[in-house]
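*Asks:* take this sequence and fold it.
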Amino acid sequence: MPERAGVRRLGAAELGAGLGRRATLVQFSSAFCQPCRATRRTLAEVAAMIEGVAHVEVDAEDHLALVRELEIERTPTVLVLDAEGRIVRRATGQPRRVDVIAALGHAVG
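*Replies:* Next up, the predicted model:
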């Protein structure tokens, strides 16, 4: 299926890790971000609960070009990608587990 015009896809080259078979939770973090630690735990727990979902953490300081392109303004920022790497949901701040699961519903159909 060809990529739709204007739809940005993310993949292993940009993220430094492969995508999940069904969906991917991408977390942009920074070294001294306290909410990032709790977000890491939440996303890892959800990814472990749902088959085919991966959690990828990206150090915002090490990926400044991608941060600028995606207009990431604060950490943590979480992107939910579908199986093709398209961004289907985006949130800033520390997410609740129930909200992450609900957002994954939009990615896995």
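
*Asks:* and His63, what does it touch?
*Replies:* By C-beta atoms under 8 Å, 6 or more residues apart in numbering, the contact list for His63 reads 14, 28. C-betas here are computed from N, CA, C, even on glycine.

*Asks:* and the pLDDT at it?
*Replies:* pLDDT recorded at His63 is 94.

*Asks:* where do the helices sit along the protein?
*Replies:* Assigned by DSSP state H, the chain shows helices spanning 12-15, 34-49, 64-69, 97-108.

*Asks:* what about the closest residue to Arg90 other than its chain neighbours, how many residues nearby?
*Replies:* In this structure, Arg90 finds its nearest non-sequential neighbour in Leu79, 5.4 Å apart by C-beta to C-beta, 6 or more residues apart in numbering. Neighbour count of Leu79, defined by other C-beta atoms under 10 Å: 22.

*Asks:* bridging residues for Leu79?
*Replies:* For Leu79, the beta-bridge partners are Val26, Arg90 (DSSP bridges).

*Asks:* how close does it sit to Leu15?
*Replies:* Leu79 sits 10 Å away from Leu15 when distances are taken as C-beta to C-beta, to the nearest Å.

*Asks:* need the overlap of contacts for those two.
*Replies:* Joint contacts of Leu79 and Leu15 (C-beta under 8 Å, 6+ apart) are Val26.

*Asks:* got the contact list for Ala17?
*Replies:* Taking C-beta under 8 Å, 6+ apart, one finds 54, 56 in contact with Ala17.

*Asks:* would you mind measuring from Ser30 to Ala23?
*Replies:* 24 Å.
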